[in-house]
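Colleague: Predicted model, plus sequence, below.
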Amino acid sequence: MITRRGVGLVISAVAIFFLASVTRVGWLHLADAVFWAMIVIGAALPWLTVPGIRAGRRIATGRSGDAVAPLVGDEIDVEVDVTNGGMFPRFLVTASYESSLSGGKKQRQRVFFTHLPGGSTTTGTNTVTCDIRGRHEFGSLTVESAAPFGLFRRRRHVSAPFEVLVYPKWYPMAHVGLLEAPRGETEGRRISRTGSEVMASRRYGAGDPMRDIHWKNTARTGRLMVKEYDAGADDGVVIAFDASSPVGEGVETTLEYAVSIAASASRALVRNNLEVAIAAGGPPGPATSDWGRIMELLALVEPGPLRTLGNAIAAAPGNARVLAIVSADDRVSIKALASLALRGGSVSAVVLGGFAEGHDAFAALASLRATGVATIECHLGGLEDCIREIESGNASHADANRRRWPAPRSDVDAIGRAA
């Protein structure tokens, strides 16, 4: 295949040939001969260089010991092995492929080899940054040569395309303190607003049914108290978030923050022998302790108009233990979370705020906390601080410059078995 430079040189050689024929100037004939010699050599060498070359690729993530890789933000080394199957050396060979890892748009990546000794393999490396989670294709690997003048190019596909799955970034957590509920006499069992066996009592809150008032503790404390029940064994968590209308730009969106929080929390839960079900804007999937499978699901989450948190919450069992990540302006989902809490679900929530102008979390935090939902705020740029709060379960560990709102008071008095 002729290049633009080759086309220009051929046109120049033809023009000089006719000019030399008309003027019969000797140096024009000499220049014309040099141009045609360059054209012949430039056309022949690429056709002699490319045949007999084989190539392959492999990826080095630079991570060891992690269950999944690469993650968003990682730099991966793409190692290209080029084998010269002939006896004679080859020069100035380029191996190239297309990748959408950096920036989400397909870009051609190139590895240049100046010298390929005969009968040997040479390795070259280029580094690619994983900017966006999800499945990305590495296009066909192509070797080409345009040596020595770049007038003609010969190209050959030597390796098929393949896909790379980029996982969401996660942060280490020892446990998910935001989910920890007061314990009754039986270790490992949770307290709920519904059930048959009373385990504790707490101060009355808006929306609590009158039939659950604990009159004995009300008389003893002088405050209106309601019963809390044994919710059964603490063996699973639903992590739910909205995937319908992300707020923000690039990777700094509510959806990407929710996915990272879900990835971090699920790892801590699995390491503490709990099963996790992911509800990404739909009914919760099967509960699993396979963190690699959870990360694969999170890596492939894509926004869609029907993928609302409200849909996920509506399908959750009434006594579910839920960690929800909700956008501050998602009033429908906030109402769904409050309703689930009032139905007896054990609900904790992370409210995402500050991702756009007027994207304030105050109203959402107040609404959720009024129904007894354990809630913290995650603001734009504060993901790592949020992860630490989720781990500790104490919002007072937040950045001092952040606006914090006190949770409604909840006095929980363990009373053992109810008479």
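Modeller: Thanks, I have the structure now. Residues are numbered from 1 along each chain as shown.

Colleague: From now on I want contacts and neighbour counts done on CA atoms only, so please keep to that.
Modeller: Noted.

Colleague: Pop the domain breakdown of the protein in here.
Modeller: 1-165, 177-414 (automatic domain parsing).

Colleague: what about the first one, start to end distance?
Modeller: Going back to what we said before, that points to domain 1-165. Using CA to CA, to the nearest Å, one end of domain 1-165 lies 35 Å from the other.

Colleague: Which of the domains of the chain has the highest mean neighbour count?
Modeller: Greatest average neighbour count among these goes to domain 177-414 (a mean of 19), per mean count of other CA atoms under 10 Å.

Colleague: returning to that earlier point: of the domains of the chain, which is nearest Tyr171?
Modeller: Nearest of the domains of the chain to Tyr171, taken as CA to CA: domain 177-414 at 5.3 Å.

Colleague: roughly how far out does the closest one sit from the chain middle?
Modeller: 21 Å (CA atoms, centre = their mean, to the nearest Å).

Colleague: which of the domains of the chain has the lowest average pLDDT?
Modeller: Lowest mean pLDDT of these: domain 177-414, a mean of 76.

Colleague: Just put the domains of the chain in a markdown table and tack on distance to Tyr171.
Modeller: Formatted as a markdown table, the domains of the chain follow (distance: least, CA to CA, whole Å):
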| stretch | distance to Tyr171 |
| --- | --- |
| domain 1-165 | 11 |
| domain 177-414 | 5 |
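
Colleague: my read: Ala60 touches Val78, true?
Modeller: Yes - in this structure, Ala60 is within contact of Val78 by CA atoms under 8 Å, at 6.5 Å.

Colleague: List phi and psi for the spatially most central residue of the chain.
Modeller: What sits nearest the mean C-alpha location of the chain, by CA atoms, centre = their mean, is Pro168, with 2.6 Å. Pro168 has phi and psi values of phi -70, psi 150 when expressed as degrees, to the nearest 10.

Colleague: With His359 instead?
Modeller: His359 has phi and psi values of phi -90, psi 70 when expressed as degrees, to the nearest 10.

Colleague: show me what contacts it?
Modeller: With contact set as CA atoms under 8 Å, 6 or more residues apart in numbering, His359 has these partners: Ala328, Asp329, Gly353.

Colleague: Would you map the helices across the protein?
Modeller: 4-23, 26-49, 215-221, 254-271, 291-299, 309-314, 331-342, 362-370, 383-392 (DSSP state H).

Colleague: Mind checking those for the one nearest to Glu144?
Modeller: Of the helices of the chain, the one closest to Glu144 (CA to CA) turns out to be helix 26-49, at 7.9 Å.

Colleague: next one: the closest one to chain centre, how far?
Modeller: That offset, for helix 26-49, works out to 53 Å (CA atoms, centre = their mean).

Colleague: Would you mind putting the CA coordinates of it into PDB?
Modeller: Provided in PDB are the C-alpha atoms of helix 26-49 (Å, rounded to 0.1, in the frame of the first residue of the first chain):
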ATOM      1  CA  GLY A  26      21.800  16.700 -16.700                       C
ATOM      2  CA  TRP A  27      21.200  17.200 -13.000                       C
ATOM      3  CA  LEU A  28      17.500  16.800 -13.500                       C
ATOM      4  CA  HIS A  29      18.000  13.400 -15.000                       C
ATOM      5  CA  LEU A  30      20.200  12.500 -12.100                       C
ATOM      6  CA  ALA A  31      17.600  13.700  -9.500                       C
ATOM      7  CA  ASP A  32      14.900  11.800 -11.400                       C
ATOM      8  CA  ALA A  33      17.000   8.600 -11.300                       C
ATOM      9  CA  VAL A  34      17.500   9.000  -7.500                       C
ATOM     10  CA  PHE A  35      13.800   9.400  -7.000                       C
ATOM     11  CA  TRP A  36      12.900   6.300  -9.000                       C
ATOM     12  CA  ALA A  37      15.600   4.300  -7.100                       C
ATOM     13  CA  MET A  38      14.000   5.400  -3.800                       C
ATOM     14  CA  ILE A  39      10.600   4.400  -5.100                       C
ATOM     15  CA  VAL A  40      11.800   0.900  -6.100                       C
ATOM     16  CA  ILE A  41      13.700   0.300  -2.900                       C
ATOM     17  CA  GLY A  42      10.800   1.700  -0.800                       C
ATOM     18  CA  ALA A  43       8.300  -0.600  -2.500                       C
ATOM     19  CA  ALA A  44      10.500  -3.800  -2.300                       C
ATOM     20  CA  LEU A  45      11.800  -3.700   1.300                       C
ATOM     21  CA  PRO A  46       8.400  -3.800   3.100                       C
ATOM     22  CA  TRP A  47       7.300  -6.800   1.000                       C
ATOM     23  CA  LEU A  48      10.500  -8.600   2.000                       C
ATOM     24  CA  THR A  49      10.400  -7.600   5.700                       C
END
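
Colleague: Which residues are in contact with the closest residue to Arg4 other than its chain neighbours?
Modeller: Using CA to CA, 6 or more residues apart in numbering and skipping the chain neighbours, the partner closest in space to Arg4 is Leu151 (7.4 Å). Residues near Leu151 by CA under 8 Å, 6+ apart: Ile2, Thr3, Arg4, Arg5, Gly6, Val7, Leu9, Ile39, Gly42, Ala43.

Colleague: and what of Val350?
Modeller: By CA under 8 Å, 6+ apart, the contact list for Val350 reads Leu323, Ala324, Ile325, Val326, Thr375, Ile376, Glu377, Cys378.

Colleague: and if you look at Ala55?
Modeller: Ala55 touches Val80, Asp81, Val82, Thr83, Leu141, Val143, Val158, Ser159, counting by CA under 8 Å, 6+ apart.

Colleague: run the last query once more with 6 Å
Modeller: By CA atoms under 6 Å, 6 or more residues apart in numbering, Ala55 lies in contact with Asp81, Val82, Thr83.

Colleague: Could you measure from it over to Thr94?
Modeller: 11 Å.

Colleague: now swap in Arg369 and tell me
Modeller: On the measure of CA to CA, Arg369 and Thr94 end up 61 Å apart.

Colleague: One more: Val166?
Modeller: Taking CA to CA as the measure, Val166 and Thr94 are separated by 27 Å.
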